[in-house]
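>>> dropping a prediction and its sequence here:
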Protein chains: 2
Amino acid sequence: MAIEQQISIDDLCVNTIRTLSIDAVQQANSGHPGAPLGLAPAAYVLWHNFLKFNPRDPQWPDRDRFVLSAGHASMLLYSLLYLTGYDLSLDDIKHFRQWESLTPGHPEHGVTPGVETTTGPLGQGISTAVGMAIAEAHLAAIFNRPDHEIVNHYTYVIASDGDMMEGVTHEACAIAGHLRLNKLVVIYDDNQVMLSGPTNVAMSDDVGTRFEAYEWYVQRVDGMDRKQVQDALDNASQERERPSLIIARTHIGFASPLQDSYKSHGSPLGAENVAKTKQNLGWQWQDPFHVPPEALNHMREAVQKGQQAQQDWQQRFSAYAAAFPDLAAKWTEMLSGALPQGYDTTIPTWTPADSKGELSTRVASGKVINAIAPKLPALMGGSADLATSNETLIEGEGLFSGTDRVGRNMNFGVREHGMGAILTGMALHKGIIPYGGTFLIFSDYMRPAIRLASLMGVRVIYVFTHDSIGLGEDGPTHQPISQLSALRAIPGLTVIRPADANETAAAWRAALANTSGPTALSLTRQNLPIIDQSKYAPATDLERGGYILADAQGGDPQVILIASGSEVPLCLQAQGQLAAQGVRARVVSMPCTEFFDKQPQSYRDQVLPPQITQRLAVEAAAPMTWYKYVGLNGAVLGLTHYGASAPAKVLFEKFGFTPENVVTQAQALLGK
Amino acid sequence: MAIEQQISIDDLCVNTIRTLSIDAVQQANSGHPGAPLGLAPAAYVLWHNFLKFNPRDPQWPDRDRFVLSAGHASMLLYSLLYLTGYDLSLDDIKHFRQWESLTPGHPEHGVTPGVETTTGPLGQGISTAVGMAIAEAHLAAIFNRPDHEIVNHYTYVIASDGDMMEGVTHEACAIAGHLRLNKLVVIYDDNQVMLSGPTNVAMSDDVGTRFEAYEWYVQRVDGMDRKQVQDALDNASQERERPSLIIARTHIGFASPLQDSYKSHGSPLGAENVAKTKQNLGWQWQDPFHVPPEALNHMREAVQKGQQAQQDWQQRFSAYAAAFPDLAAKWTEMLSGALPQGYDTTIPTWTPADSKGELSTRVASGKVINAIAPKLPALMGGSADLATSNETLIEGEGLFSGTDRVGRNMNFGVREHGMGAILTGMALHKGIIPYGGTFLIFSDYMRPAIRLASLMGVRVIYVFTHDSIGLGEDGPTHQPISQLSALRAIPGLTVIRPADANETAAAWRAALANTSGPTALSLTRQNLPIIDQSKYAPATDLERGGYILADAQGGDPQVILIASGSEVPLCLQAQGQLAAQGVRARVVSMPCTEFFDKQPQSYRDQVLPPQITQRLAVEAAAPMTWYKYVGLNGAVLGLTHYGASAPAKVLFEKFGFTPENVVTQAQALLGK
């Protein structure tokens, strides 16, 4: 058992982090004590000697970002936040993992000041950090001028072996190396123990060599040795080409009787082992949550240091604003996240006279992106190797790369999950409104990242194209069935499936205006008719989520047809055929159930009058979404099986997505 | 432009593969011509000189497995299948990507003979192949005896740069190295071009070094040089320790005017370029789909060779059966996938007198696994580093590893997605009934693999524990909300959320009996009361998906309470409280909506009588699933927001999952 012999102030601080952490886990009777014990020295060196932050202003734009990717070690972070002077009290520490406390089980952005991103699901933190580093590099390139550096900060990560095993980390770190994000510095907590045993029961990879293959700068140090950590961080900060991985060999559960055992990983140590750990650390105090005043004072130097740093930056920014007033104004606007006045005035309006009367919504989306991009400099994004299919390219802009930091187009490679997490990091950094495209089917690959973005409520726009069997020949492997319902089930995520080009424009406006969470756009591969706004309701009604696109003529509707996206035109045709058969049908376009559900009851009752229970929802996807709106007397024309490989038109016909079948189904409802 | 100068029979075969492929893409006017042009030489060497298969019996158990992970190159595979004599005609080739053809856009297992697994979504094929190699190694260890080898085959993969970028590949290949799967051989089609451009716009990783870090045997060859490919495959077949990666430098769109351009990747070449390609190849025939008889004869040698190989194996198996009749019988039974007679007789039945009257369903699941494991030798599985939490360990069995091939426990590491694909591969191989556990929240990481298993209809059992806010302190990062609805939206997947220990036993029986698709078990972390079967309906009614657990007393029900899992006991309590208030409530336990939906209308109407529209569904999750059953007059007590970090009991109370609130909600319905 290693025992620290001499208690320097640094040692004292390290041990304060440790004892606070294990006391809090013990008190909660739940949590992960092992990692904080092993990581405290490295984290202390990073936070005390490198990390640029002002505990009094966690929003200072030029702060370094710190991401605890090993989110289960949350008490390490909470100890650091409290000790360095963030707005977090010792009482908050004592309420670790309790109802409405500021110290939840895993770090949550928006709950605890200083938590840059929500972590816990492994692989997400480190991958999100890549997005933060991209945002920094891009904004630095756009805004910095000789002798005027207003964007210059690092992104630091502490990651675990679990992070290293997760696939999303591979995706994000491979592209981080490709993009030469030299200001991204990852400390890998190489404690060689995972939750269920030593890592060698499941992991033989040589992580260092692997990251060298990604073109990272890899250093290997004894993570319990502060000097080695200090030197490695020094080296990393001077690296000009590559992201850094510092493999820090640590000892989980350090100084506890369970050191180096998985038993210290995910459960409280127990009162007796807590006492023994303190004894082994040479800790003199018996009472839990003891914070030696000299340790607190020493770590609280962060406040003065941070305020000074921010003040210096503020002066630099003032000088910058004087020298480059336009740039400074642009910077302020971009950082604010606000949409510039009139940013959307060049978005086209389409009529049936345009484009031979039809356009795929993906193409419409591409035209919207290109209409707004010049006026919305914060807009930046790309695709997971499907840019031409997803129509995500901003024309006239370069590709963001290791050599071009100004480019606003991103090529994420075939790395959907990494893209998802990176987009979140770009949004969290601020200054960027990120978007990313892939086929809707591959939203499945991104779900953990989409969910965390939704939980955090960050503005990210997913451009999901090829959104049904309408993609045709690629077949069932590529045809989304469950994805629309599965995405709509995610709290905080807005899913919009526009019915034509004009609804697509409205969808983009809504997505950009949605600053409280991500938005997924569901867009067609195939052409759709442009709905005549002189004849039908305006596409701007999309804001309400669902609206009467075409009402029944000559009396109250007998049946309501509810549809989204490519199935809306089908219903318009069916409405005509039903009218010819003497049936009055209302067509409701429902591009966004989340928006609709937020409308007042009176509006919803106006669109879907309670007394009209003959309702048919039509969407070429799993029907689950729609039962809420059609009820027991209604029906859903959806897909409860997979698609097939054939031309799109054949598939729509074979699977019953024709005006004729909509008519048949509607008549069946009326005959019930 | 490289042109093959001398037309040997091998060259002719290679060019036949090429021309068939590009002709089919051209005829379909859709598909990926580039990869087959570049890959034909390597694929030809593999199929003609190494791959052990019998085109006349694609089910022969000891065949080598071939997985085209780069599924978009499907025409390469279809050409090989046709030319080597599988039950696939030239006419099928001509109907590439057409309705009901045997040649869909991406290879589909179960549609085309010889297709071992459905591929297209990148990363899935190679990761599934790892599962096949695991199954082979395990079955070989169990069954082979000195001088009696009945299991001895390789798993070959052709993978693309997209596969290499996907995270799931990292997960599966890292564990493949760890497990020392030396009979897994991957040819990496290093054509340096992806769909949207050269790979170097998004990819700088050194794939070879990365795989060396995974402890793979890496060779680098000119993939257009058959001799080099031959030698590399020879070396790989002799490797006794490591899986093999053969990095084959190829040229996408070889011999076409678009060679080495991304333009040859995902679109037909065009008639003119097809003609030029044929010219460049020295191809003498103008008519599309021309197959020179000498090429066909040469490749059809595979039939005779394969039949001979299978016949030899059959003789070996007969000798084996004579020497080891018990083992042979066991082998036959395991390969059949049938459940042995009486395999489930030792599954316990619980009464309220057991375990102080309560048990978590995850613990009950662990007891079921251990009850059946001795009698069901095909059962093999584990967890993504959460074995003790998921209760997936088979006691008394070893850990499957590089040195212990007999062990039936698997530790997948923190690699949920890789685990998902591997489980599919184990099931596809046959001989194994695989299961894998993680927290329900992390089912999101596995969705692409779950979806493909559902599309293929393979028997895999997912053990998803910690299935609600009932997991408590870990907080919203770990609490599933959308996952249950999102999983139920997947066609072909069966989701079962048992309400107590006995329903858990019934759920396992149902999952094992479900040979037409995967089953996801949703299990609690927290204890649940054991429902008294002497008082309530038997848990075996789970087979019907939903059933009347406790009917109203003294008359027809006024309200129906529908619940699953941990919310069922809540409803039983509420039923009592409602009765005390003079309200007759029926409690329906609905562990599996998929099973319920398959029941006859008469049964469904019996459980949920159409005239009783006051229905309250209770599930601590996103409500989407339940509107189908409650209709417009009913309500769902669910969660439309994220959870929180606090003890489970606090969360259930704060979020309204109490008998009292169920009563309030039910009364509100009646007051409507």
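The structure has been received and is ready for your questions.
>>> ranges for the helices of the stretch 51-200 of chain A?
Ranges of helices in the stretch 51-200 of chain A, per DSSP state H, counting those that start in this stretch, are A:74-84, A:90-94, A:124-143, A:161-165, A:167-178.
>>> nearest to chain B, out of those?
For the helices of the stretch 51-200 of chain A, proximity to chain B was assessed by Cβ to the nearest Cβ; helix A:167-178 is nearest, at 2.2 Å. Using the backbone N, CA and C atoms, a C-beta is placed for each residue, glycine as well.
>>> the closest one and chain B, any residue contact?
Yes: Helix A:167-178 reaches chain B (Cβ under 8 Å from any Cβ of the partner chain) through A:167, A:168, A:169, A:170, A:171, A:174, A:175, A:177, A:178.
>>> angle of that helix against helix B:167-178?
100 degrees (axes from the mean of the first three to the mean of the last three Cα atoms, to 10 degrees).
>>> count the residues that sit near residue A:58.
Residue A:58 is flanked by 17 other residues according to other Cβ atoms under 10 Å in any protein chain shown.
>>> so it makes contact with residue A:114?
Yes: using Cβ atoms under 8 Å, residue A:58 is in contact with residue A:114, at 5.0 Å.
>>> what do the two both touch?
By Cβ atoms under 8 Å, 6 or more residues apart in numbering or on different chains, residue A:58 and residue A:114 have these common neighbours: residue A:86.
>>> any idea of the angle the longest helix anywhere in chain A forms with helix A:124-143?
Longest helix of chain A, by residue count under DSSP state H: helix A:293-323. Between helix A:293-323 and helix A:124-143, the angle comes out at 30 degrees (the same axes, to 10 degrees).
>>> other SSEs contacting helix A:293-323?
helix A:9-28, helix A:34-49, helix A:74-84, helix A:325-336 (3 or more Cβ pairs under 8 Å, 6 or more residues apart in numbering or on different chains; DSSP states H and E).
>>> want to throw those helices into TSV with mean neighbour count?
Shown next, in TSV, are the helices and strands packed on helix A:293-323 (neighbours: other Cβ atoms under 10 Å in any protein chain shown):
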stretch	mean neighbour count
helix A:9-28	23
helix A:34-49	27
helix A:74-84	28
helix A:325-336	15
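>>> redo the ones you listed as JSON lines? Include distance to chain B and mean pLDDT.
Converted to JSON lines, the helices and strands packed on helix A:293-323 look like this (distance: least, Cβ to the nearest Cβ, whole Å; pLDDT from 0 to 100):
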{"stretch": "helix A:9-28", "distance to chain B": "6", "mean pLDDT": "98"}
{"stretch": "helix A:34-49", "distance to chain B": "14", "mean pLDDT": "98"}
{"stretch": "helix A:74-84", "distance to chain B": "9", "mean pLDDT": "98"}
{"stretch": "helix A:325-336", "distance to chain B": "26", "mean pLDDT": "98"}
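>>> could those go into TSV alongside distance to residue A:242?
What follows is those, written out as TSV (distance: least, Cβ to Cβ, whole Å):
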stretch	distance to residue A:242
helix A:9-28	29
helix A:34-49	19
helix A:74-84	26
helix A:325-336	28
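>>> residue A:241 is nearest to which of those?
Nearest to residue A:241, of all the helices and strands packed on helix A:293-323, is helix A:34-49, at 21.5 Å by Cβ to Cβ.
>>> now do residue A:95 against chain B, distance only.
According to Cβ to the nearest Cβ, to the nearest Å, residue A:95 stands 10 Å off from chain B.
>>> domain ranges for chain A?
Annotated domains of chain A cover A:8-307, A:355-529, A:544-669 [automatic domain parsing].
>>> and the ones you listed, which is most packed in?
Among those, domain A:355-529 has the highest mean neighbour count (mean count of other Cβ atoms under 10 Å in any protein chain shown), at a mean of 25.
>>> is it up against chain B anywhere?
Yes: Domain A:355-529 reaches chain B (Cβ under 8 Å from any Cβ) through A:383, A:385-389, A:399, A:401, A:411-415, A:417-418, A:441-442, A:444-445, A:447-448, A:451-452, A:455, A:472-478, A:481-482, A:485-486, A:488-492.
>>> ok so, going back, would JSON lines of the residues of helix A:167-178 next to chain B with pLDDT and distance to residue A:324 be doable?
What follows is the residues of helix A:167-178 next to chain B, written out as JSON lines (pLDDT from 0 to 100; distance: Cβ to Cβ, whole Å):
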{"residue": "A:167", "pLDDT": "98", "distance to residue A:324": "43"}
{"residue": "A:168", "pLDDT": "98", "distance to residue A:324": "38"}
{"residue": "A:169", "pLDDT": "98", "distance to residue A:324": "38"}
{"residue": "A:170", "pLDDT": "98", "distance to residue A:324": "40"}
{"residue": "A:171", "pLDDT": "98", "distance to residue A:324": "37"}
{"residue": "A:174", "pLDDT": "98", "distance to residue A:324": "36"}
{"residue": "A:175", "pLDDT": "98", "distance to residue A:324": "31"}
{"residue": "A:177", "pLDDT": "98", "distance to residue A:324": "33"}
{"residue": "A:178", "pLDDT": "98", "distance to residue A:324": "31"}
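>>> right, and out of these, which lies closest to residue A:72?
Once Cβ to Cβ is applied, the member of the residues of helix A:167-178 next to chain B that ends up nearest residue A:72 is residue A:169, at 15.5 Å.
>>> wait, that closest one touches residue B:171, no?
No: Residue A:169 is beyond contact range of residue B:171, at 9.8 Å (criterion: Cβ under 8 Å).
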